[in-house]
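>>> Quick one, structure for this:
(2 chains, ligands or ions: 3)
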Amino acid sequence: MSRLGVTIAGVPFKNPVTVASGTFGFGREFAPFYDLSRLGGIVVKGLTPAPREGNRPPRIAETPLGILNSVGLQNPGVEAFVRDELPFLRGFDTNIIANITGATPQEYADMCQTLSSAGGVDMIEINVSCPNVKEGGALFGASASGISSVVSACRKATSLPLIVKLSPNVTDIVEMAKAAHQAGADCLSLINTLLGMRIDTVTRRPILGNNMGGLSGPAVKPVAVRMVYQVARAVPLPVIGMGGISTADDAVEFLLAGATAVSVGTANLVNPMAAVEVLEGLRDRLDSTGESVCDIIGAVIPY
Amino acid sequence: MACVLEQCPILYRSELRPGVVDMVLGAPRIAPLCSPGQFVHIKCSPDLLLRRPISLCDVEQDTIRLVIESVGKGSQWLCERQAGELLDLLGPLGDHGFPVPDAAQGDSRPLLLVGGGVGSAPLLYCAKSSPVPVDAALGFGSAGAVILERDFARCCRSVTVSTDDGSYGFAGFVTGAAQQLLEKEAYRAVYACGNMTMLRAVAELTQRLDVPCYLSLDERMGCGLGACLVCAVKVRGEDGEHYSHVCKQGPVYRREEVVFE
Ligand SMILES: Cc1cc2nc3c(=O)[nH]c(=O)nc-3n(C[C@H](O)[C@H](O)[C@H](O)COP(=O)(O)OP(=O)(O)OC[C@H]3O[C@@H](n4cnc5c(N)ncnc54)[C@H](O)[C@@H]3O)c2cc1C
Ligand SMILES: Cc1cc2nc3c(=O)[nH]c(=O)nc-3n(C[C@H](O)[C@H](O)[C@H](O)COP(=O)(O)O)c2cc1C
Ligand code: FES
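Ligands and ions are numbered 1, 2, ... in the order given. As a prediction, the model looks like this:
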């Protein structure tokens, strides 16, 4: 394996740089900028059983070095994804990770089945942490029992590796990570967005049409690094770390904290080349020290 | 449609009036890809994460012209840039700009452009690209706010400037000026850009007079590429209302599609 390669739940990744759900669509918009096969993996926009229109606009607000979004899982539904988007994504030599949200454990399980039988999906990421939808999503992610019910249902429905995407909007992230592990998760990804709000002081109205939204970008990075650090030490599962990564140095920080791979999210919205720039920076850095990615995973030296 | 990232030098910069800057950028990669109604997405100061969408006001062989009004942190930063500095642009964006009128079918009816404030800027590129005669009705708050009048005069058959306070030109809203023109002559279409209140009035007017109309819409943006789905506006399609994404499926929509909320 090359210096950059990692393996997660038996799935080989040519490099540890993936793109985060919801910030990369189904890849089409970025294909003109670089060969998507360069990525370790692509996590597609969050899917639901039926098409969703998403929340009322405005759906984005800028914050100090961050953004709030309240897209609300607008997507064409899992079947349209399999029919219209998956064939395009299969054309690239990279891992395709389907991100799913349901309103009940059964809905999650049904989507797992649809995606497994479609072929061409390498892993499924269970989103129990979307702060922007009323039913399901973050409701499950907010308690250990909620996570267990969803993950167990999915575990029975598919043999594909399951990634559980954890919400930072909880009192004890480690408890949630353990629940996911016990229910059969193969990998954990974190963090999803932090619930936040902005108010226009002149009109006295929230900036987002949904009043509240999810905070992401550089502003959340220290919170994300801390949570990855805590989870990676407490649970024997690989972790995909994300939250504010826009440079190779950011990625290294997550790897040192214990992540086996990373996801670039909000940075894609700012610079369409962000993920490959992170990748190139990481490669150069490892080349200069002679290390491989596996050497630096969890290599932080805590006090 | 093709778009690229390009570092563009500011070749020329001037102030059209306090708070509104006119700049010409060297953009040899972006310029050949552009069409009227499209925009570029510009990175501002390092402490502002998101790019800011700015319409193409004019495009030459390897330069693009932008007119930017300072209304907040990002636009203010852009307005403070000087000739010689580089700007980080992504563009051109927006798969649906203003349709270029088809003069081939022997239809010589003129086109009417209706602009409100800085919303007039993208219409200049339409006027310059039009193979049919163009009239422009441009509305501003007061005499001091008027911009681009001479630029339009150079490429339009007529230019009517209106001011809300009556301090210059036609007294009243730009839709009043547009109505006078539309009642005098048969236009092939109306293209409009400005704030939502103005666009709604233009939509109502053109519907009443049964003239085709295209509107350029505004929404807060993230990626500008159609990937993040934040720039949603409600539109009416064949199978009911749904959210469309201004950065990709817009920014220009037919009047019939726009849902005014
Ligand atoms: C397709 C399109 C073309 C545009 N063309 C021009 C142009 O040619 N000249 C010009 O002066 N302005 C234009 N605008 C408006 C311009 O993008 C906003 O004025 C600018 O983004 C404001 O940023 P700010 O940081 O100064 O304001 P702030 O209010 O501090 O911005 C905060 C956030 O809200 C967003 N935002 C605020 N106002 C608007 C708005 N009206 N439209 C979209 N996003 C907004 C900003 O991009 C930023 O993300 C255009 C907008 C769109 C959507
Ligand atoms: C516009 C936007 C849409 C998102 N949509 C989803 C989604 O559909 N499913 C999901 O699990 N996470 C979604 N996320 C969360 C990201 O995948 C990621 O977890 C989070 O933004 C933190 O990473 P970042 O700071 O690099 O963006 C979204 C984030 C943004 C900014
Ligand atoms: S701004 Fe991202 S989809 Fe329009």
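
>>> Which residue ranges make up each domain of chain B?
Domain assignment of chain B by automatic domain parsing yields the ranges B:4-93, B:102-216.

>>> so can I have CSV of those showing distance to ligand 2, mean neighbour count and mean pLDDT?
To be clear about C-beta, it is placed using only N, CA and C from the backbone, and glycine gets the same treatment. Formatted as CSV, those follow (distance: least, C-beta to the nearest ligand atom, whole Å; neighbours: other C-beta atoms under 10 Å in any protein chain shown; pLDDT from 0 to 100):
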stretch, distance to ligand 2, mean neighbour count, mean pLDDT
domain B:4-93, 10, 19, 97
domain B:102-216, 24, 19, 95
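
>>> wait, which of these is closest to ligand 3?
Ranking those by proximity to ligand 3 (C-beta to the nearest ligand atom) places domain B:4-93 first, at 8.3 Å.

>>> Does ligand 1 have contacts with the closest one?
Yes - Domain B:4-93 reaches ligand 1 (C-beta under 6 Å from any ligand atom) through B:39, B:50, B:52-55, B:67-69, B:71-76.

>>> one step back: any chance of the domains of chain B in a markdown table, with distance to A:Ala299 too?
Listed next are the domains of chain B as a markdown table, based on distance: least, C-beta to C-beta, whole Å:
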| stretch | distance to A:Ala299 |
| --- | --- |
| domain B:4-93 | 30 |
| domain B:102-216 | 52 |
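
>>> what about A:Thr203, neighbour count?
8 (other C-beta atoms under 10 Å in any protein chain shown).

>>> my guess is it is in a helix, correct?
No - secondary structure assignment places A:Thr203 outside any helix; it is coil (DSSP: H, G, I helix; E, B strand; the rest coil).

>>> ok, so what distance separates it from ligand 2?
According to C-beta to the nearest ligand atom, to the nearest Å, A:Thr203 stands 23 Å off from ligand 2.

>>> For whichever residue of the stretch 151-300 of chain A sits closest to ligand 2, which non-adjacent residue is spatially closest?
Residue nearest to ligand 2 within the stretch 151-300 of chain A (C-beta to the nearest ligand atom): A:Gly265, separated by 2.5 Å. Leaving out its chain neighbours, the residue that sits closest to A:Gly265 by C-beta to C-beta, 6 or more residues apart in numbering or on different chains is A:Ala20, at 3.3 Å.

>>> residues contacting the one you found?
A:Ala20 is in contact with A:43, A:242, A:263-265, A:268, counting by C-beta atoms under 8 Å, 6 or more residues apart in numbering or on different chains.

>>> What about these, which are in helices?
Judged by DSSP state H, the contacts of A:Ala20 include A:Asn268 as members of helices.

>>> tell me the secondary structure for B:Val202?
Three-state call for B:Val202 (three-state DSSP): helix.

>>> just B:Val159 next, same as before
B:Val159 - assigned by three-state DSSP - is strand.

>>> got the contact list for it?
B:Val159 makes contact with B:135-138, B:149, B:152-153, according to C-beta under 8 Å, 6+ apart.

>>> Mind checking which of these land in helices?
Among the contacts of B:Val159, the members found in helices (DSSP H) are B:149, B:152-153.

>>> circling back: wait, which of the residues of domain B:4-93 next to ligand 1 is closest to B:Tyr214?
Nearest to B:Tyr214 among those is B:Ser55, at 14.0 Å by C-beta to C-beta.

>>> wait, A:Leu215 sits on A:Ser70?
No - counting by C-beta atoms under 8 Å, A:Leu215 stays clear of A:Ser70, with 10.8 Å between them.
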